[in-house]
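In: I'd like to go over a predicted model; first the sequence, then the structure.
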Amino acid sequence: MAKFSFKLSSILNIKEKMEDLKKNEFGKAMMALEAEKARLATLQDTKSLCIQSFRDSLATGVKPDDLQQHNIYIDRLKVLIKQQKLVIIKAEEFVEVKRLELVEAMRERKTMDTLKENAYEEHLAEEKQSEQKVIDEIVSYKTATK
């Protein structure tokens, strides 16, 4: 039996490498998104703690300057939270772009895999046909010599 060699194997290898690259890029984008979400959670926790501290200080009595500082800090946290939400939206959009690129790379690689499978099936059919031809020649030779 002759050895099977896929004519487009170099292209298939490139498609596999591209798919791996896209998987890595998608993974990095997901990790970046999770980091931004964690940063948002930290900001929200800090804001909650600050508000609680503000309420506690109101109950015990506090100087007007301290109240003003708390308000300024809480307002700043609100602004940072809004900005962080925008960063998260952009990170989610980036993740979606990378996901679509990964899907496309997977589709291209699967197409090449299908072509390889079809070429292998064709190779097997040719081998079978060749073997059948040899068998037919042997049978013809034996019947002719009798």
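Out: Everything's here; your move.

In: tell me which helix or strand comes right after the helix or strand hosting residue 41.
Out: Under the criterion of DSSP states H and E, residue 41 resides in helix 9-60. Sequence-wise, the next helix or strand downstream of helix 9-60 (DSSP H and E) is helix 64-145.

In: and the average pLDDT for that next one is what?
Out: Summarised as a single mean, pLDDT over helix 64-145 is 92.

In: which one is residue 26 nearest to, not counting chain neighbours?
Out: With C-beta to C-beta, 6 or more residues apart in numbering as the criterion, residue 26 has its nearest non-adjacent residue at 4.4 Å, and that residue is residue 98. For every residue, glycine as well, the C-beta is placed using N, CA and C.

In: ok, now which ones touch the one you found?
Out: 22, 25-26, 29 (C-beta atoms under 8 Å, 6 or more residues apart in numbering).

In: picking up where we left off before, could you list every helix and strand in contact with the helix holding residue 41?
Out: If contacts are counted by 3 or more C-beta pairs under 8 Å, 6 or more residues apart in numbering; DSSP states H and E, helix 9-60 sits against helix 64-145.

In: re earlier: what angle do the helix holding residue 41 and helix 64-145 make?
Out: 160 degrees (axes from the mean of the first three to the mean of the last three C-alpha atoms, to 10 degrees).

In: roughly how far out does helix 9-60 sit from the chain middle?
Out: Distance of helix 9-60 from the chain centroid (C-alpha atoms, centre = their mean, to the nearest Å) equals 15 Å.

In: quick check: closest non-adjacent residue to residue 104.
Out: residue 22 (8.0 Å).

In: shouldn't that neighbour be in contact with residue 102?
Out: Yes. Applying C-beta atoms under 8 Å, one finds residue 22 in contact with residue 102, separated by 4.2 Å.

In: give me the neighbour count for the closest residue in space to residue 9 that isn't next to it in sequence.
Out: Among residues not flanking residue 9 along the chain, residue 116 sits closest, at 7.5 Å (C-beta to C-beta, 6+ apart). Other residues lying near residue 116 total 17 when counted by other C-beta atoms under 10 Å.

In: likewise residue 14?
Out: Around residue 14 there are 14 residues (other C-beta under 10 Å).

In: measure it to residue 108 for me?
Out: 10 Å (C-beta to C-beta, to the nearest Å).
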